[in-house]
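Peer 1: need coordinates for the following:
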Amino acid sequence: MTNREELLGAFSDPTRQAVLNLLRQRPSTVGELATQLPVSRPAVSQHLQVLKSAGLVAEERRGTRHYFRLNPASLAELRAHIDSMWRDALNAFSDFAKKETAQYGGNKRKRTHSTKRTRRLPH
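Peer 2: Numbering: from 1, shown residues only. Down below sits the predicted model:
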C-alpha cells in the first residue's frame, strides 16, 4: 500500500474525519475527543492510531497526557493527491470536448422541425 492509499483509507472513515475536524481547532487528548464524539474512548484511541500510522496526526506527550494534533505535511500530501486527481479529470474532459468538436466540426446540429416560433397572445 502506498502512502497515498493509506492517507485516503485513513481519511475515508466518517469518525476519523470528525476527529480531524476537532483537531483543526486545537490539539486534544483522547478523553477530550471522546467527549465530543458518539464513540467510546477506546474507539477514539483506535481511530487516532490509524490516523497516526497514516501520518495525518502527530502525538505529543506532556507529562502523563498525550496530545494529538494535525500533521500539516501529510494533509498537504493528501491535498496534492486530490488536486492531481481533479486536474486529471479536467484534462480528460477537455480532451473529450476537443475530440467531440473535431468530430462534429464545431457545427450546430440542424433542426429537423420549423425554427419559426409562434407567439401566444395573453388571454
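Peer 1: which stretches of the protein form strands?
Peer 2: 57-62, 65-70 (DSSP state E).
Peer 1: elements contacting the last one?
Peer 2: Taking 3 or more Cβ pairs under 8 Å, 6 or more residues apart in numbering; DSSP states H and E as contact, the helices and strands that strand 65-70 lies on are helix 14-25, helix 30-34, helix 41-54, strand 57-62. No exception for glycine: its C-beta is placed from N, CA and C like everyone else's.
Peer 1: buried residues in the longest helix along the chain?
Peer 2: Across the chain, the helix with the greatest residue count (assigned by DSSP state H) is helix 72-104. Buried residues in helix 72-104, counted by 16 or more other Cβ atoms under 10 Å: Ser74, Leu75, Glu77, Leu78, His81.
Peer 1: excluding chain neighbours, what is closest to the fourth one?
Peer 2: It stands for Leu78. Leu7 (4.8 Å; Cβ to Cβ, 6 or more residues apart in numbering).
Peer 1: for that neighbour, which residues are in contact?
Peer 2: Residues in contact with Leu7, defined by Cβ atoms under 8 Å, 6 or more residues apart in numbering, are Ala54, Gly55, Leu56, Ser74, Glu77, Leu78, His81.
Peer 1: with Ser74 instead?
Peer 2: By Cβ under 8 Å, 6+ apart, the neighbours of Ser74 are Leu7, Ala54, Gly55, Leu56.
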